[in-house]
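Asks: sequence below, structure please.
(one chain, ligands or ions: 1)
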Amino acid sequence: MSTILFNEIVFGPVKSRRLGVSLGVNLLPRFGKWCNFDCIYCECGFNKDGKEDKKLPTIDEVWEALADKLKNHDQKIGRIDNITFSGNGEPTLHPNFAEIISIALDLRDKFTKEAKVSVLTNGSRIGIKDVADALMKVDNAIIKIDSAIESSVRIIDRPQFDYSIENIINNLIPFKGRFVLQTMFLKGSFGGEYFDNTTDEEVNAWYEVIKKTEPREIMMYTIDRETPVQGLEKVTTEQMNRIAAPLVEAGFKITISG
Ligand code: SF4
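Replies: Below is the predicted model of the structure:
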């Protein structure tokens, strides 16, 4: 089983398929994973594999680590396209997420004006006011919806709380036209259940969510690295292009990473 953990608060920069040269910020434990989903494709592994370390970085530690990387970044690490909150789990679970976002925006303005601040989130906490306000301030609130059918979400993303797609859509309404939707396309089976989020039923339900929430951009991608569950199948770029075609025609901005 693969497990890639980010052992630093600020890591990289890494060359990302979707975000260019990306400096990562990990607000989760450095030697363990913490998420309220438990996706079968998570590159950090399953939640149960990250139990031991529960220590979150403090606001001061994040400030110091980010300021240190950004100061003179031209000489030390070169140009940065994105300061990206991702890391070992769900960044919005950090109790000081909103304050830390403000700090990151200030440091960005001071040291690397051209870089964007992006947050990769599973969207579970966008109904919480300070989290939503913080996500509204960043350049790219990248919010995951892998399926608009709850039974599939339970297999693919395995939310560890009472998940409801209806709640997610309602919470997305204030973000209409302002967020980036991110969807992982894949097929396979887990726990004896087969799933495929490229079927007509899946894609039509996904189109409906897009119609209601009008993302500013849609990032479609598929498996690129080893996953904790063996035997998951990638979806081809051609297939994602076919799924994207009506949305492209309707004027949506789409990026596809195969
Ligand atoms: S939401 Fe992200 S961090 Fe959480 S389990 Fe899924 S892929 Fe991993």
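Asks: return the residues of this structure in contact with the ligand.
Replies: When proximity is defined as C-beta under 6 Å from any ligand atom, the chain approaches the ligand at 35, 37-39, 42, 44, 89-90, 122, 157. In this view, the C-beta of every residue, glycine as well, is placed from N, C-alpha and C.
Asks: ok, and the most crowded of these?
Replies: Among the residues of the chain next to the ligand, residue 89 has the most neighbours (other C-beta atoms under 10 Å), with 26 neighbours.
Asks: wait, what's in contact with it?
Replies: 28-29, 33-35, 44, 50 (C-beta atoms under 8 Å, 6 or more residues apart in numbering).
Asks: look up how far residue 30 lies from it.
Replies: 11 Å (C-beta to C-beta, to the nearest Å).
Asks: ok, so of the residues of the chain next to the ligand, who is nearest residue 106?
Replies: residue 90 (23.3 Å; C-beta to C-beta).
Asks: which non-adjacent residue is nearest the closest one?
Replies: residue 35 (4.6 Å; C-beta to C-beta, 6 or more residues apart in numbering).
Asks: wait, isn't the one you found in contact with residue 48?
Replies: No. Residue 35 lies out of contact with residue 48 (C-beta atoms under 8 Å); the separation is 11.3 Å.
Asks: any low-confidence regions in the chain?
Replies: 1-3, 51 (pLDDT under 70).
Asks: what residue in it is the furthest from its centre?
Replies: In the chain, counting by C-alpha atoms, centre = their mean, residue 75 sits farthest out from the average C-alpha position, at 29.2 Å.
Asks: as CSV, the residues of the chain next to the ligand with distance to residue 67 and secondary structure would be great.
Replies: Formatted as CSV, the residues of the chain next to the ligand follow (distance: C-beta to C-beta, whole Å; DSSP: H, G, I helix; E, B strand; the rest coil):
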residue, distance to residue 67, secondary structure
35, 27, coil
37, 31, coil
38, 33, coil
39, 32, coil
42, 30, coil
44, 26, coil
89, 23, strand
90, 24, coil
122, 28, coil
157, 34, coil
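Asks: and the closest residue to the ligand within the stretch 151-258 of the chain, what is it in contact with?
Replies: Nearest residue of the stretch 151-258 of the chain to the ligand: residue 157, at 5.9 Å (C-beta to the nearest ligand atom). Counting by C-beta under 8 Å, 6+ apart, residue 157 touches 37-39, 122, 144, 146-147, 163.
Asks: most widely separated two among these?
Replies: Top of the distance list for the contacts of residue 157 (C-beta to C-beta): 38 and 147, 15.1 Å.
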